[in-house]
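**Q** return a 3D structure for these sequence lines:
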Amino acid sequence: MSSATTTSTSSAPGRVALSDPGYQAFVILRTGFTVAPILFGLDKFTNLLVDWPVYLAPWIDDVVPGSAQAAMYAVGVIEIVAGLVVAVAPRFGGWLVAGWLAGIIVNLLTIPGHYDIALRDFGLLLGAVALARLAQRHHGERQRH
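**A** Alright, predicted model coming up:
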């Protein structure tokens, strides 16, 4: 006997995923770690938000060729690429951003008076690691369906 009311199961897995708090956290982190690095990377070319060369440790400025602003251009490109990698491959992009943030933290810890920003970036590093781990979980689930 056939029922007059049937439910479609084709969209059910998507609805279940969207109602899962773990998947919601993954989407929030993926969005944030896509948008923020791209925006901050673009700002390295304009210095609208902050004078970025101030955040480059003098010892790094001495090592890299060119000016501190030229170094910030390179940093901007790397951050834009990192944001794009998070967008398309968060399992890898999360680790890329975490590694990049670790480098930023080392840089900031060598500049007196920037320890608070280093601590904030450590929190962001933890978020990037959480993104990578959640992405691994949700990628595996997609592979099984």
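**Q** could I get the average pLDDT for the lengthiest helix in the chain?
**A** Using DSSP state H to define each element, the chain has its longest helix at helix 115-144. Helix 115-144 comes out with an average pLDDT of 89.
**Q** what helices or strands is it leaning on?
**A** Using 3 or more C-beta pairs under 8 Å, 6 or more residues apart in numbering; DSSP states H and E as the contact test, the elements touching helix 115-144 are helix 21-43, helix 90-109. Where you see a C-beta, it was placed from the backbone N, CA and C, and this is true even at glycine.
**Q** and the first one with helix 115-144, angle?
**A** Pointing back at helix 21-43 there. Between helix 21-43 and helix 115-144, the angle comes out at 130 degrees (axes from the mean of the first three to the mean of the last three C-alpha atoms, to 10 degrees).
**Q** and if you look at the last one?
**A** Computed with the same axes, to 10 degrees, the direction of helix 90-109 lies at 170 degrees from that of helix 115-144.
**Q** which outside residues touch helix 90-109?
**A** Residues from elsewhere that reach helix 90-109 (C-beta atoms under 8 Å, 6 or more residues apart in numbering): 26, 29-30, 33-34, 37, 55-57, 60, 78-79, 82-83, 85-87, 114-115, 117-118, 121-122, 124-125, 128-133, 135-136, 139.
**Q** okay, the helices and strands packed on helix 115-144, which one's buried deepest?
**A** Between the helices and strands packed on helix 115-144, the one whose residues have the most neighbours on average, counting mean count of other C-beta atoms under 10 Å, is helix 90-109 (a mean of 19).
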